[in-house]
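> model this:
(4 chains)
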There are 2 protein chains.
Amino acid sequence: MNIGEVAERAGLPPKTIRYYEDIGLVKPLRDTNGYRAFRESDMHKLAFLGRARALGFSIEDCRNLLALWEDQHRASADVRTIAKDHLAQIETKIADLQAMRDTLSDLVQACAGDDRPDCPILKTLENSA
Amino acid sequence: MNIGEVAERAGLPPKTIRYYEDIGLVKPLRDTNGYRAFRESDMHKLAFLGRARALGFSIEDCRNLLALWEDQHRASADVRTIAKDHLAQIETKIADLQAMRDTLSDLVQACAGDDRPDCPILKTLENSA
DNA sequence: TCTTGACATTCCAGTGGCTGGAACCCCCAT
DNA sequence: ATGGGGGTTCCAGCCACTGGAATGTCAAGA
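Modelled structure (predicted):
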């Protein structure tokens, strides 16, 4: 399988796949012409990576998840720990963003948004958020 | 005022302040010894930047907000537009993260997290999220 | 057979917003 | 004179790609 087909099937850009090879996440074979030759197993790995990335896991998390996936003797606790930590980070990020949203939403609400210069948004940034 | 004091007062690391000068957000004077000499107005700009950044505005947004702040003849509509666009982006990000959180939370819930290898998290990443 | 066009390759540089570190300079108190 | 705590510059690295240039390869059609 060439990179184009894999990209199509895994739903990842070719550039990303080359990058994943660069950093050692996949190790496709090579044809005599120098083209990457992906096996089905490479494809599955890439699809796995795509899904893990879509859930927001870092590349390093993905690397660990991939290793656990391939380890028949893994403990599900190890997987769960990674996921739980990541979940906690996401919760934190959501809370941060919600705080920003609340403040911003109030400010946007309070601003007339006309051609006059008076602006509670700037006033807030000026004085203290 | 030296950079240390400004950093303290504006609540920004010296490195960040130097960076902001690098990209033209502030233009402190220089003492004869080469040290940056910040005026009160520089300090206020930096505090403004700190607050805008804390609300998640990009550096480019900050640059524009700063320009509007200093423009006596600005229209509040211009400020509001920037804030509204940013708010929309935050809403999108929150929604994305919430979707991740929901999926992850279900998965973490479903995973026994013991020493056995069976793991619904890996199974989901394997098959389709 | 030649050409065309869609694929593939490598390598370098840039994104955003800092941050760490090295190597050096300056000022004040002892 | 010395030591320590400032300050300075510049270069490199973070994360996860992404764009682009220069080049090579392959299959199909004139």
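
> what mean pLDDT does stretch A:55-68 have?
Mean per-residue pLDDT for stretch A:55-68: 98.

> same question, stretch A:43-52
Stretch A:43-52 comes out at a mean pLDDT of 98.

> ok, now stretch A:10-24?
Averaging pLDDT along stretch A:10-24 yields 98.

> quick one: is it near DNA strand D?
Yes: judged by Cβ under 7 Å from any atom of the strand, stretch A:10-24 comes into contact with DNA strand D through A:Pro13, A:Lys15, A:Thr16, A:Arg18, A:Tyr19. Bear in mind the C-beta positions are built from the backbone N, C-alpha and C, glycine included.

> all helices of chain A, in order?
For chain A, the helices defined by DSSP state H occupy A:3-10, A:14-22, A:40-54, A:59-70, A:76-110, A:120-127.

> Including mean neighbour count, could those go into TSV?
What follows is those, written out as TSV (neighbours: other Cβ atoms under 10 Å in any protein chain shown):
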stretch	mean neighbour count
helix A:3-10	16
helix A:14-22	16
helix A:40-54	19
helix A:59-70	17
helix A:76-110	17
helix A:120-127	18
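
> would CSV of those helices with distance to chain B be doable?
Output for the helices of chain A, formatted as CSV (distance: least, Cβ to the nearest Cβ, whole Å):
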stretch, distance to chain B
helix A:3-10, 12
helix A:14-22, 15
helix A:40-54, 4
helix A:59-70, 5
helix A:76-110, 4
helix A:120-127, 5
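
> Out of those helices, the one nearest B:Asp114 is which?
Relative to B:Asp114, the nearest member of those by Cβ to Cβ is helix A:76-110, separated by 5.8 Å.

> name the helices or strands packed onto that closest one?
Where contact means 3 or more Cβ pairs under 8 Å, 6 or more residues apart in numbering or on different chains; DSSP states H and E, helix A:76-110 is packed against helix A:59-70, helix A:120-127, helix B:76-110, helix B:120-127.

> how about those, which one is nearest DNA strand D?
Minimum separation from DNA strand D across the helices and strands packed on helix A:76-110 (Cβ to the nearest atom of the strand) falls at helix A:59-70, 3.3 Å.
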